[in-house]
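1. Pasting the sequence and the predicted model now:
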Amino acid sequence: MNKKLTFTSTVLAGLMFGAGTTVLADNIWQGHQNIVETKNNIDKLTAKINASQSSLSDLQHQLSDAQAQYATLKQQYGNDVASKDAQIQQKIAEGQRAVAQKQAEVDAKQQTINDLTSRLEAAKQTNNELSQAIEDAQSIKDYSNQAVKSVSAK
């Protein structure tokens, strides 16, 4: 019976050891699967991070390009405004010179008009004086004709 007990104990121990080994192997295999899945998840996350960094880098380059374009356009706008301002100031100066020239012409014409008006007034005065002299002469002539007629009539 001892042999039978030993054999049974050995078989039972073997079965237990086999079952324990199987459980242990299953646990080890399950742990390995977890490690593989974790590694896959890490790889996926790394790929996403790399893609995001690449996208961020592209966006940073686009931002840098846009800022450079903005600076160029801003400078060009400033130059255009300064150029237009200079043109406007030049046109204003030209307009002021033209106005001053026309004002000088108007002043000269006004002086001519004033001179002619003065001469006209002098001529009118002379004409009035001559008219008065003619009237006086006519009056004297009429007076002398009357005096001659009255002396002749007597």
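-> Here it is on my side, so go on.

2. CA only for contacts and neighbour counts going forward, please
-> Fine.

3. give me the element the residue nearest to the spatial centre of the chain is part of.
-> Nearest to the geometric centre of the chain sits Tyr77, at 5.9 Å (CA atoms, centre = their mean). According to DSSP states H and E, Tyr77 maps onto helix 2-153.

4. Rounded mean pLDDT for that helix, please.
-> Mean pLDDT, helix 2-153: 87.

5. quick revisit: please tell me how far the residue nearest to the centre of the chain sits from Ile134.
-> Tyr77 is 82 Å from Ile134, where distance means CA to CA, to the nearest Å.

6. Same check on Lys102?
-> From Lys102 to Ile134 the distance is 46 Å (CA to CA).

7. Run through who's touching stretch 141-148.
-> If you take CA atoms under 8 Å, 6 or more residues apart in numbering as the criterion, stretch 141-148 is touched by no other residue.

8. how about it: buried residues?
-> By neighbour count with 16 or more other CA atoms under 10 Å, stretch 141-148 contains no buried residues.

9. For it, C-alpha coordinates in PDB please.
-> The C-alpha trace of stretch 141-148 is given here as PDB (Å, rounded to 0.1, in the frame of the first residue of the first chain):
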ATOM      1  CA  LYS A 141     -19.900 183.800 -77.500                       C
ATOM      2  CA  ASP A 142     -23.600 184.100 -76.900                       C
ATOM      3  CA  TYR A 143     -22.900 187.100 -74.700                       C
ATOM      4  CA  SER A 144     -20.700 188.800 -77.300                       C
ATOM      5  CA  ASN A 145     -23.200 188.100 -80.000                       C
ATOM      6  CA  GLN A 146     -25.900 189.700 -77.900                       C
ATOM      7  CA  ALA A 147     -23.700 192.600 -77.200                       C
ATOM      8  CA  VAL A 148     -22.900 193.000 -80.900                       C
END
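
10. any idea how far that stretch is from the chain center?
-> Centre-to-centre, stretch 141-148 and its host chain are 96 Å apart (CA atoms, centre = their mean, to the nearest Å).

11. How about stretch 52-66?
-> That offset, for stretch 52-66, works out to 27 Å (CA atoms, centre = their mean).

12. before we move on, what about stretch 128-140?
-> How far stretch 128-140 lies from its chain's middle: 81 Å, per CA atoms, centre = their mean.
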